[in-house]
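In: What follows is a predicted protein model with its sequence.
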Amino acid sequence: MEFLVTMTTHVPDGTSAAAVDDVRAREAANTHELAAQGHVLRLWRPPLAPGEWRTLGLFAAADAADLERVLATMPLRVWRTDEVTALTNHRNDPAPSAWPSPVPSGGEDATEYLVTFTPAIPDGTPAQDLAEATAAEAQRAAELAKQGHLVRLWALPPEGGVSSALGLWRASGDAEMQAILQGLPQSPYLTTTTTRLTPHPSDPAAPGSRSRQIGQDRG
């Protein structure tokens with residue numbers, strides 16, 4: 001199973017800089033080990049307020065209990081709270097085995113985004129219109145995946161009987177990302193929430209990440 005984990009860290013007042021540096025160094029080493037085991041897939045920074053310390057992580061584990069075991073090994077857990085969202089398969093998800101996907105027009109500097117899609121179907125919408133949009137959406141998702149824009153797509157746990165989706169996207173910038181979303185066939189029937197992501201220094205997928213460097217140093 002895959003999980004999105006929002007990790008928020010609060011360092012206790014009075015903690016020395018040396019203690020913080022020590023925990024962060026051990027966290028990077030632990031992240032490298034967890035990535036090698038296939039548990040840590042990606043790490044990102046969401047938009048942060050001044051002084052805020054928060055990370056978004058994509059994890060893999062057998063189940064929720066196994067994920068908790070993984071999270072409990074992370075040194076920063078002593079100062080951290082974790083919010084876990086279980087992710088399940090979406091019919092339009094590009095094959096995970098193809099990851100990383102082709103790089104889009106923004107090149108290696110393309111920005112990544114997490115986008116939540118929530119159904120918002122206007123009253124009286126004909127069922128035929130919805131069926132046609134759904135079929136066209138699947139085709140468009142495949143095209144965007146080949147172009148390197150759609151990286152992954154998951155189903156989120158239903159809330160109030162409504163099933164939303166979460167997508168990981170790449171674009172050259174905010175304007176292109178917005179244009180892609182507005183051009184989706186199901187756009188008239190969805191509301192979207194977009195989170196702009198920035199690189200995390202220990203992201204296993206980043207060429208210069210701390211966790212990769214640790215692995216190279218050990219080798």
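Out: Yep, that arrived. Fair warning: this is a prediction, and the values are worked out from it, not measured in the lab.
In: any idea of the mean pLDDT for the helix or strand hosting Gln139?
Out: Applying DSSP states H and E as the criterion places Gln139 in helix 127-146. The average pLDDT within helix 127-146 is 96.
In: what comes into contact with that helix?
Out: 91-92, 94, 98, 101-102, 121, 150-151, 153, 180, 183-186, 188-189 (C-beta atoms under 8 Å, 6 or more residues apart in numbering). Bear in mind the C-beta positions are built from the backbone N, C-alpha and C, glycine included.
In: in stretch 80-100, what counts as buried?
Out: Arg80, Asp82, Val84, Ala86, Leu87, His90, Asn92, Asp93, Pro94 (16 or more other C-beta atoms under 10 Å).
In: residues contacting the second one?
Out: Put plainly, it is Asp82. Counting by C-beta under 8 Å, 6+ apart, Asp82 has contacts Val5, Thr6, Met7, Thr8, Leu71.
In: quick one: stretch 21-28 to chain centroid distance?
Out: 23 Å (C-alpha atoms, centre = their mean, to the nearest Å).
In: so the residue located most distally from the centre of the chain, which of the three states?
Out: In terms of distance from the mean C-alpha position of the chain, Gly124 ranks first, at 34.3 Å (C-alpha atoms, centre = their mean). At Gly124, secondary structure determined by DSSP: H, G, I helix; E, B strand; the rest coil is coil.
In: Disregarding residues adjacent in the polypeptide, which is nearest to Asp93?
Out: Of all residues beyond its chain neighbours, the one nearest Asp93 is Leu153 (4.3 Å), with distances taken as C-beta to C-beta, 6 or more residues apart in numbering.
In: How about the contacts made by the one you found?
Out: Neighbouring residues of Leu153 by C-beta under 8 Å, 6+ apart: His90, Asn92, Asp93, Pro94, Ala141, Ala165, Leu166, Gly167, Leu168.
In: Got the confidence number for the third one?
Out: So that's Asp93. Reading off the model, Asp93 has pLDDT 95.
In: Looks like it contacts Arg152 (just checking).
Out: Yes: the pair Asp93 / Arg152 is scored as a contact, 6.1 Å apart, by C-beta atoms under 8 Å.
In: Now the phi/psi pair for Val161, please.
Out: Heads up, residue 161 is Gly, not Val. Dihedral pair for Gly161: phi 80, psi 0, per degrees, to the nearest 10.
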